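Undergrad: Need a 3D model of the sequence below.
(chains A and B)
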Amino acid sequence: LAKTTQPISMDSYEGQEVNITCSHNNIATNDYITWYQQFPSQGPRFIIQGYKTKVTNEVASLFIPADRKSSTLSLPRVSLSDTAVYYCPLIYNQGGKLIFGQGTELSVKP
Amino acid sequence: NAGVMQNPRHLVRRRGQEARLRCSPMKGHSHVYWYRQLPEEGLKFMVYLQKENIIDESGMPKERFSAEFPKEGPSILRIQQVVRGDSAAYFCASSREKISYEQYFGPGTRLTVT
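TA: Numbering: from 1, shown residues only, chains lettered A, B, ... in the order given. Purely as a prediction, here's the structure:
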């Protein structure tokens, strides 16, 4: 599976919108894009998934350009509890293993 | 509606001992995945199992590591003759079907090898 690259860390303040970008230049046709959140000493938690264009659910939006070489997770109005590590693993053909990169450590300040 | 359960949560082993990590998937889930997270690193896929079958073990070290998911009971990740480099957090995840974007992760087992 293709490798993903994200910024190592990001800082934000409460109430701001946060956009985290993930690069996956070598994404394959059958790869889907997922985003997970991980708090310290816990397992990751699924946030959102998509193949192309825009996807929105109750917690986030996911923007995927036509070439699918990157994706952006958008978190509206973050709070202190959104401080976590965010990953954008690719998943092959809707099932099977997740391939995680390094993740982005988001710090939300008051 | 219990989530994925892993036990023990913390495990300390001396070099050369065996470690057995257990994972009970969510009710109704028949697909189990094991991942390892070394300190300050992301998660690395190890193995994907269905009941009584290993589907993908491309991430498993060739020696000392094995996994099973029997017809009855939890999935087991077994590490023989542990070394200090095996110290890590081991996460189990499950999904209802193979075609699923969402994997549900357990709280992990933190293995420390002394």
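
Undergrad: tell me which parts of chain B are close to chain A?
TA: Listed as neighbours of chain A in chain B under the rule CB under 8 Å from any CB of the partner chain: B:4, B:31, B:33, B:35, B:41-45, B:48, B:55-56, B:58-59, B:91, B:93, B:95, B:97-108. From N, CA and C alone the C-beta is placed, and that goes for glycine too.

Undergrad: Next step: these restricted to helices.
TA: The members of these all map outside helices under DSSP state H.

Undergrad: In contact with residue 11, which residues are there?
TA: Let's take chain A. Applying CB atoms under 8 Å, 6 or more residues apart in numbering or on different chains to residue A:11 gives the contacts A:106, A:107, A:108, A:109.

Undergrad: was after chain B, sorry
TA: Counting by CB under 8 Å, 6+ apart, residue B:11 makes contact with B:19, B:21, B:109, B:110, B:111, B:112.

Undergrad: so who does residue B:13 touch?
TA: Residues counted as contacts of residue B:13 (CB under 8 Å, 6+ apart) are B:19, B:82, B:111, B:112, B:113, B:114.

Undergrad: Now the buried members of those.
TA: Neighbour counting by 16 or more other CB atoms under 10 Å in any protein chain shown classes B:19, B:82, B:111, B:113 among these as buried.

Undergrad: Give me the most central residue, chain B.
TA: Closest residue to the average C-alpha location of chain B: residue B:34 at 3.7 Å, with CA atoms, centre = their mean.

Undergrad: Surely that residue and residue B:77 touch.
TA: Yes: between residue B:34 and residue B:77 there is a contact at 5.3 Å, judged by CB atoms under 8 Å.

Undergrad: now stretch B:93-110: mean pLDDT?
TA: Stretch B:93-110 shows a mean pLDDT of 87.

Undergrad: Right, I'll leave it there.
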